[in-house]
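# Predicted model and sequence below, questions to follow.
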Amino acid sequence: MNPIKVSASILSANFGDLLGDCKKAIEAGCDMLHMDVMDGHFVPNITFGAPVIAGLKGKVNVPIDSHLMIDNADKYIPDFIKAGSSYILFHAEAVENPTATIHLIRQDGCKPGMVVNPNTSEEVLKPFAKDLAYVLFMSVYPGFAGQSFIPDVVPKIARFSKWCKDQGISPEIAVDGGISPKTAPQVVEAGATLLVAATAIFKAPNMKEAVQSLKNTGTKN
C-alpha cells in the first residue's frame, strides 16, 4: 500500500505567518508545498512572485513546486529556479514552445511539469510526457481558491494514466482544484498520485487529520 502524496497549496494559508503555516502543513504530513503564481493576465487574479518562494528557501524541508499561471513564463523561469523551486509547472495554454520551456527548466537542475486546464485535452501532454517529471490536471479553472471540483476532469486523468502505463513512463500525475476527502477518491481511482489542496488543508479544523485523510485515499498497486 503506497499512500498518495499531498502538496499543500499556500493560496489558503495565512500570509501573515506564511512560514509558520507551511511548517504546520509539513508537520501534518504534506510532501510538498505548492505555489500558485498568478499575474492578473493569464488568470483573473494576482498573487505573488519569486521573492515569496525565496523567503521559504532553506527554511522548509520538502520540495517546492511553483505553478506559473502567467504569460511569458519563459522570461521568469530563471527567477523561480533561483528562488528555490524544486519543480516548475507551466501551462500548456500559455507557452508557445513546450520543448524549449522544458529545456529551460531542466538546464539548471529543476524538474519540469506541465499543466492543463479543465477544457484542455490530455492529448496536448503526450508529445512531451517522457520529458516531464510532473503533470497537473486542473479540476477547477485557475485563478481562485475554494472553487467546486469539476468531475469531467476524471476521465481525462484515467485516459492519460492508462496511456502512460502503456508507454512505460511514470510522471507524477497531480490534480488541483476542489480536492477534498469527498473528491479525492475519484481522481485517485483514475490514476492520480499527487493531490494538491488548499482549503481542505489550511482551513481544516484539524490539519493533520485532513492531510492523512487525503494521503490514505485508496491504494496504489
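Sure, I can see it. Numbering: from 1, shown residues only.
# Let me see the backbone angles for G109.
Per-residue torsions, G109: phi 80, psi 10 (degrees, to the nearest 10).
# what do you get for A174?
Dihedral pair for A174: phi -110, psi 160, per degrees, to the nearest 10.
# Quick check: it vs D21, distance?
A174 is 21 Å from D21, where distance means CB to CB, to the nearest Å. Using the backbone N, CA and C atoms, a C-beta is placed for each residue, glycine as well.
# Just give the number of residues close to the residue nearest to G109 when sequence neighbours are not counted.
The spatially closest residue to G109, leaving aside those adjacent along the chain, is I81, at 7.9 Å (CB to CB, 6 or more residues apart in numbering). Using other CB atoms under 10 Å, the number of residues around I81 comes to 21.
# From what I see, I81 and I105 are in contact.
Yes. Between I81 and I105 there is a contact under CB atoms under 8 Å: 7.2 Å.
# Quick check: neighbours shared by these two?
Taking CB atoms under 8 Å, 6 or more residues apart in numbering as the contact definition, I81 and I105 share the neighbouring residues I88.
# What ranges does this structure have for its helices?
For the chain, helices defined by DSSP state H occupy the ranges 18-27, 50-56, 73-83, 98-106, 153-167, 184-190, 199-202, 207-215.
# E122: which of these is closest?
Ranking those by proximity to E122 (CB to CB) places helix 153-167 first, at 4.2 Å.
# distance of M35 from L18?
From M35 to L18 the distance is 11 Å (CB to CB).
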